[in-house]
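[1] fold the following, please.
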Amino acid sequence: MPVIKTGTNPVHDAALLAAEQTHQAAIVGATAAQIRAADLAFLRACRQSCITNNGSAGVAQFTTAIRELTGSET
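    Purely as a prediction, here's the structure:
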């Protein structure tokens, strides 16, 4: 399972790991629509952790990914 790690911020790393584990569990046997919803939930959780736990570093990457999937930043 791929995990995004900063290596310097254990709180942020733990939040990203939790988001990834939830994402992986959600996509097992899921439909395309359910996978898309799980992808968005994962990206939003990662972006929120960047804001809350990582001094907003990394927000742009997750915002861009969300925009590519939805056409908006939310």
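
[2] tell me, how many residues neighbour the residue lying closest to residue 72 once chain neighbours are set aside?
    Among residues not flanking residue 72 along the chain, residue 66 sits closest, at 7.8 Å (Cβ to Cβ, 6 or more residues apart in numbering). The C-beta positions use only the backbone N, C-alpha and C, and glycine is treated the same way. Neighbour count for residue 66, taken as other Cβ atoms under 10 Å: 19.

[3] OK, contacts around residue 66?
    By Cβ atoms under 8 Å, 6 or more residues apart in numbering, the contact list for residue 66 reads 40, 43, 44, 47, 72, 73, 74.

[4] ok, the third one to residue 67 distance?
    Look at residue 44 and residue 67: by Cβ to Cβ, to the nearest Å, they are 12 Å apart.

[5] okay, the two: which has more neighbours?
    Counted by other Cβ under 10 Å, residue 44 and residue 67 do not tie: residue 44 has more neighbours, with 16 against 13.

[6] what helix or strand does that one sit in?
    In this assignment (DSSP states H and E), residue 44 forms part of helix 32-53.

[7] which residues sit against that helix?
    By Cβ under 8 Å, 6+ apart, the residues outside helix 32-53 that reach it are 4, 9, 11-12, 15-16, 18-20, 22-23, 26-27, 30, 56-59, 62-63, 65-66, 69-70.

[8] from the residues you listed, list the buried ones, please.
    Those of those that meet the buried threshold are 9, 12, 15-16, 19-20, 23, 26-27, 58-59, 62-63, 65-66, by 16 or more other Cβ atoms under 10 Å.

[9] now the two most distant members of these.
    The most widely separated members of those are 9 and 27, with 26.0 Å between them, by Cβ to Cβ.
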